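> Model the structure of this input:
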Amino acid sequence: MRIVVCVKHVPDLQAERAFTEQGWVDRTQGDGTLNELDENAVEAALAVAEELGGEVTVLTVGPQDAEDAVRRGLQMGADHAVHVLDDAIAGSDAFGTAAVLAAALRALAGQEPVDLVITGMAALDGLMSVVPTLVAAELGIAQLTLAAELTVTEGSVRVRRELDHATEVLEAPLPALVSVTDQSNQPRYPNFKGIMAARKKPVTTWSLDNLGVDPQRVGAAGARTRVVEATPRPPRENRVLVTDDGEAGVQLAAYLVENRLV
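Model (predicted):
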């Protein structure tokens, strides 16, 4: 079985959030990292490959620093890595990103059939949660999103989704795309052996020209959405700081009652 995991390199969540003058996410504020929710996707792929046999490829789209994301996937145990790197991709919205990912997935499938595509439920820099659906639509394959549990059998995939007031069980034939939630598993932590092995694994780099993608369809030129306005988060005001002398719980309860928060 051949599984491809789409991952994203995102700014550190502890760094100050900001936009550039073009309305793009500022990715220079501190170090970036593999999107935390994509670790669940990598773990899900590795678990399936270990159970049924097969290989896992991690795929990302982004600037040079985005290679760190697929390197992390390799450290966790993925077999191969692909990085789509092209200056024309800068400024892509969800539609442009999905178009590039789909093109890369088609290229991988041209080498050897791809049975399953797995993604995280969302990227923590944008939280739009639409790229998995858009990629599936571009490829014309079934999509099973927000999976809390993933089971793959010969020729099909089944997921369990936990909704507010119901549980859904969905099944689709392969090839298919599945996005998993952070409830689906506990991602493994790379061990020393995995970290050292990842250093020796090559990362394949593709450009838009390699994939046959028109630069006008992606990047700022092809974006269908844009940030119109953004303001910095205002500083907190009127904070109440309580020194716990043994009565902090009582004071907190009184505050909640007084402000009708309970």
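> Give the buried residues for stretch 213-227.
Within stretch 213-227, the residues that count as buried by 16 or more other Cβ atoms under 10 Å are Val213, Arg217, Val218, Gly219, Ala220, Gly222, Ala223. In this view, the C-beta of every residue, glycine as well, is placed from N, C-alpha and C.
> tell me which of those residues is nearest to Asn35?
Val218 (19.7 Å; Cβ to Cβ).
> Show the contacting residues for that closest one.
Val218 makes contact with Ala88, Ile89, Ser92, Gly96, Thr97, Ala99, Val100, Leu208 under the criterion Cβ atoms under 8 Å, 6 or more residues apart in numbering.
> Val240 now?
Val240 touches Tyr255, counting by Cβ under 8 Å, 6+ apart.
> From Arg233, how far out is it?
20 Å (Cβ to Cβ, to the nearest Å).
> Check Val227 too.
15 Å.
> before we move on, what about Asp12?
16 Å.
> When those two are compared, which one has more neighbours?
Asp12 (12 against 8; other Cβ atoms under 10 Å).
> which other residues reach the helix or strand bottoming out on mean pLDDT in the chain?
Within the chain, no helix or strand scores below strand 32-34, which has a mean of 85 by mean pLDDT, DSSP states H and E. If you take Cβ under 8 Å, 6+ apart as the criterion, strand 32-34 is touched by Val7, Lys8, His9, Val10, Pro11, Asp12, Asp65, Ala66, Asp68, Ala69, Arg72, Gly73.
> what packs against the helix or strand following it?
Once the chain leaves strand 32-34, the next helix or strand it forms, by DSSP states H and E, is helix 36-52. Judged by 3 or more Cβ pairs under 8 Å, 6 or more residues apart in numbering; DSSP states H and E, the packing partners of helix 36-52 are strand 2-6, strand 55-61, helix 67-76, strand 116-120, strand 149-153, strand 176-180.
> and after the last one, which helix or strand comes next?
Put plainly, it is strand 176-180. Strand 176-180 is succeeded, C-terminally, by helix 192-200 (DSSP H and E).
> any idea of the mean pLDDT for that next one?
In this model, helix 192-200 has an average pLDDT of 91.
> Could the C-alpha coordinates of the following helix or strand past it be exported in CSV?
As assigned by DSSP H and E, the chain's next helix or strand after helix 192-200 is strand 203-206. Provided in CSV are the C-alpha atoms of strand 203-206 (Å, rounded to 0.1, in the frame of the first residue of the first chain):
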residue,chain,number,x,y,z
VAL,A,203,14.0,15.0,-0.1
THR,A,204,12.8,15.2,-3.7
THR,A,205,12.2,18.8,-4.8
TRP,A,206,9.7,19.7,-7.6
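> neighbouring contacts of strand 203-206?
Glu67, Val70, Arg71, Leu74, His80, Ala81, Val82, His83, Val84, Leu85, Ala104, Ala107.
> among the helices and strands packed on helix 36-52, which is the most enclosed?
Most buried of the helices and strands packed on helix 36-52, by mean neighbour count (mean count of other Cβ atoms under 10 Å): strand 116-120, with a mean of 28.
> Within the sheet, what are the partner strands of that strand, with directions?
Strand 116-120 has the following sheet partners, assigned by DSSP bridges: strand 2-6 (parallel), strand 176-180 (parallel).
> ok so, going back, show me what the least confident helix or strand of the chain pairs with in its sheet, parallel or antiparallel.
Strand 32-34 has these strand partners (DSSP bridges): strand 9-11 (antiparallel).
> Return the distance of the strand it pairs with from the chain's centre.
Chain-centre distance of strand 9-11: 10 Å, with Cα atoms, centre = their mean, to the nearest Å.
> So that it lines up with my notes, have the first residue be 35 from now on.
Got it, the first residue is 35 from now on, which makes the last one we talked about strand 43-45.
> Please work out the average pLDDT along that strand.
Here the average pLDDT along strand 43-45 is 88.
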